[in-house]
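Engineer: Need the 3D shape of this:
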Amino acid sequence: MSQIEVLGMEKRAYRRYPASRKAYLVVGGEPLRCRLIDIAAGGARIAAPEFANAPPVLHLVDPARRLVHLTRMVWQGDGQMGLQFIESRAFTEPLGGAEGAGRVVDMVGPWPKDGREN
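Structural biologist: Next up is the predicted model:
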């Protein structure tokens with residue numbers, strides 16, 4: 001997401017919408033519960049644990065919208081993380097909590113390993 005500050009106002013590539021709902025971040029097949037703070041067509045801001053060494057790609061599972069997003073982390077700090085969407089796919093299977101989030105990521109795959117768009 002590109003961001004430019006002009007006279008104290010943010011200019012972003014996509015309009016952000018408040019979300020405040022549960023989601024799951026799947027990292028290396030391991031699901032972590034997180035909170036979606038806001039979302040846009042090109043990415044999302046979440047409340048999640050910080051990573052010392054972030055993997056090149058992460059999956060964000062949004063149960064409310066029934067979408068899995070292949071993402072890359074663009075920033076993190078103060079218990080929040082900014083994710084850029086690379087690719088998004090819908091799912092129809094029942095989620096079933098955190099364990100189901102990892103399963104759904106696999107079911108709607110395969111995904112690009114390095115996060116590059118196909």
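Engineer: got the buried residues for stretch 25-42?
Structural biologist: Leu25, Val26, Val27, Pro31, Cys34, Leu36, Ile37, Ile39, Ala40, Gly42 (16 or more other C-beta atoms under 10 Å). For the C-beta atoms, the positions are set from N, CA and C on the backbone; glycine is no exception.
Engineer: again, but for stretch 92-109
Structural biologist: Applying 16+ other C-beta under 10 Å to stretch 92-109 flags Ala98, Gly100, Ala101, Gly102, Arg103, Val104, Val105, Val108 as buried.
Engineer: Nearest to Arg72 among these?
Structural biologist: Closest approach between the buried residues of stretch 92-109 and Arg72, by C-beta to C-beta: Val105, at 15.2 Å.
Engineer: For the host helix or strand of that closest one, give the mean pLDDT please.
Structural biologist: According to DSSP states H and E, Val105 maps onto helix 97-107. If you average the pLDDT over helix 97-107, you get 93.
Engineer: Would you mind writing the CA trace of it as CSV?
Structural biologist: The C-alpha coordinates for helix 97-107 follow below in CSV (Å, rounded to 0.1, in the frame of the first residue of the first chain):
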residue,chain,number,x,y,z
GLY,A,97,-12.0,-22.1,14.9
ALA,A,98,-8.2,-21.8,14.7
GLU,A,99,-7.5,-25.4,13.7
GLY,A,100,-10.0,-25.0,10.8
ALA,A,101,-8.2,-21.8,9.6
GLY,A,102,-5.1,-23.8,8.8
ARG,A,103,-7.1,-26.5,7.1
VAL,A,104,-9.0,-23.9,4.9
VAL,A,105,-5.7,-22.3,3.8
ASP,A,106,-4.6,-25.7,2.5
MET,A,107,-7.9,-26.5,0.9
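Engineer: rewinding a little: okay, who's weakest in the buried residues of stretch 25-42 by pLDDT?
Structural biologist: Among the buried residues of stretch 25-42, Val27 has the lowest pLDDT, at 91.
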